[in-house]
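Asker: Using only what follows, build the 3D model:
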Amino acid sequence: MKNIAFLITLVLILSCGKEASIKKLAINPKVQTDRYILHKSFPSKNVDNRDIEIWLPNGYDSAKALPVLYMFDGQNIFHGRRGWNKGQYNHGWQVDEILDSLFDIESIPKIIVVGISHLGKKRYSEYTPAKPRSEINKRKSKADISLLEVYDKHGITSDKFLKFMVEELKPFIDRNYKTNSGRDGTFLAGSSMGGLISAYAICEYPNVFGGAACMSTHWPVMDGFFIEYLKSNLPNPLTHKIYFDYGTLGLDAEYEPYQVVVDSLMVLNGYEIKKNWITKKFEGDNHHEDYWRRRFHHPIKFLLNEIK
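Answerer: This next block holds a predicted model:
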């Protein structure tokens, strides 16, 4: 009996030790299917942990180095059932299906997609550009009252969020997946506030990101304060490509006056339409994922058309 008790105790000790080791090693626990890899609660020293979902194209196993598209509001881009805002934005972009179709019928390179989940109300804190400070202080009172409550509680943390992307997430992706890690193989995409943070990211880190798709960009935040920043911070048009679009219904109906100003800044900074910059207006499109899904092929074809 003593021997049996000893063996049971030994097994329990070893099991506990093994479990502790597994927990220690599992910094990025992941749920994986053939082409989808979900890194749950991805850790960060800069921002709160969040889920990161990665989609790999067909033929990934035999690929060498693929470009990477980092997309904001990651819980919406593949699966509508994981959307947010109580069903308003829960249809999903179906980015995976769109890309599979494009790979079959268009001569664009295959890419890896990294979906970065947002954190509910903290989304506004992380997606609102933190510069220029002077304009934020001047126009903060013009923000929607619900946004003011978020800013007062959480601050504006987009600089920390971008630091997480550039110093923690991207190095992890480049170490663990077959990526073209250079600027010419690293892109951003998002809609609404996700479009705003895409524009901010490519301006703040022009050596990291080579292109951005800013769909239905929510310029009106604090009365368009961010446009002041763009005047002197747009990246070099010789090495970057930027796509903008907007609809004419719902929230999108507010965007055109701001977008016209942004377009004039693009020209002043040396961007050429259809070469390294596009702005598209979609009559009858609303501020909704159904519409972003329908036109997602436009920015993808534009951003990737010169990659071999």
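Asker: Need the residues that contact the helix or strand residue 113 falls within.
Answerer: Element membership for residue 113 (DSSP states H and E) is strand 112-116. Strand 112-116 is contacted from outside by 50, 52-57, 60, 66-75, 77-78, 95-96, 99, 165, 169, 173, 177-179, using Cβ atoms under 8 Å, 6 or more residues apart in numbering. No exception for glycine: its C-beta is placed from N, CA and C like everyone else's.
Asker: What sits closest to residue 135 if chain neighbours are left out?
Answerer: Leaving aside its chain neighbours, residue 135 sits nearest to residue 225 (4.0 Å; criterion: Cβ to Cβ, 6 or more residues apart in numbering).
Asker: CA atoms of stretch 54-68 as CSV?
Answerer: Only the C-alpha atoms of stretch 54-68 are listed here, as CSV (Å, rounded to 0.1, in the frame of the first residue of the first chain):
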residue,chain,number,x,y,z
ILE,A,54,-4.4,34.5,-38.7
TRP,A,55,-5.7,33.3,-42.0
LEU,A,56,-3.3,31.5,-44.4
PRO,A,57,-4.0,31.2,-48.1
ASN,A,58,-4.2,27.9,-50.0
GLY,A,59,-0.7,26.8,-50.9
TYR,A,60,0.8,28.4,-47.8
ASP,A,61,2.9,25.2,-47.0
SER,A,62,4.7,25.5,-50.3
ALA,A,63,5.1,29.3,-50.3
LYS,A,64,8.3,31.2,-49.6
ALA,A,65,7.6,34.7,-48.2
LEU,A,66,4.1,36.1,-48.4
PRO,A,67,2.9,39.7,-47.9
VAL,A,68,0.9,40.3,-44.7
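Asker: So which bits of that stretch are buried?
Answerer: By 16 or more other Cβ atoms under 10 Å, the buried positions in stretch 54-68 come out as 54, 55, 56, 57, 63, 66, 67, 68.
Asker: Quick one: those as JSON lines, columns for secondary structure and pLDDT too.
Answerer: Below are the buried residues of stretch 54-68 laid out as JSON lines (DSSP: H, G, I helix; E, B strand; the rest coil; pLDDT from 0 to 100):
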{"residue": "54", "secondary structure": "strand", "pLDDT": "96"}
{"residue": "55", "secondary structure": "strand", "pLDDT": "96"}
{"residue": "56", "secondary structure": "coil", "pLDDT": "96"}
{"residue": "57", "secondary structure": "coil", "pLDDT": "95"}
{"residue": "63", "secondary structure": "coil", "pLDDT": "86"}
{"residue": "66", "secondary structure": "strand", "pLDDT": "97"}
{"residue": "67", "secondary structure": "coil", "pLDDT": "97"}
{"residue": "68", "secondary structure": "strand", "pLDDT": "98"}
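Asker: Need the residues you listed in a markdown table (columns: distance to residue 250).
Answerer: Shown next, in a markdown table, are those (distance: Cβ to Cβ, whole Å):
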| residue | distance to residue 250 |
| --- | --- |
| 54 | 31 |
| 55 | 28 |
| 56 | 34 |
| 57 | 33 |
| 63 | 39 |
| 66 | 35 |
| 67 | 32 |
| 68 | 31 |
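Asker: From the residues you listed, pick the one nearest residue 197.
Answerer: Distances from residue 197 to these, taken as Cβ to Cβ, are shortest for residue 68 (16.7 Å).
Asker: for that closest one, what are its contacts?
Answerer: Counting by Cβ under 8 Å, 6+ apart, residue 68 has contacts 111, 112, 113, 114, 173, 177, 179, 180, 185, 186, 187.
Asker: which residues in the stretch 51-200 of the chain form helices?
Answerer: 95-105, 122-127, 133-139, 145-154, 158-164, 170-176, 193-204 (DSSP state H, counting those that start in this stretch).
Asker: winner for burial among these?
Answerer: Ranked by mean neighbour count under mean count of other Cβ atoms under 10 Å, those are led by helix 193-204, which reaches a mean of 25.
Asker: got any ranges where the stretch 101-250 of the chain has weak pLDDT?
Answerer: 134, 140-148, 150 (pLDDT under 70).
Asker: check contacts around residue 304.
Answerer: Neighbour list for residue 304: 67, 108, 109, 111, 187 [criterion: Cβ under 8 Å, 6+ apart].
Asker: rerun at 7 Å
Answerer: Counting by Cβ atoms under 7 Å, 6 or more residues apart in numbering, residue 304 makes contact with 67, 108, 109, 111.
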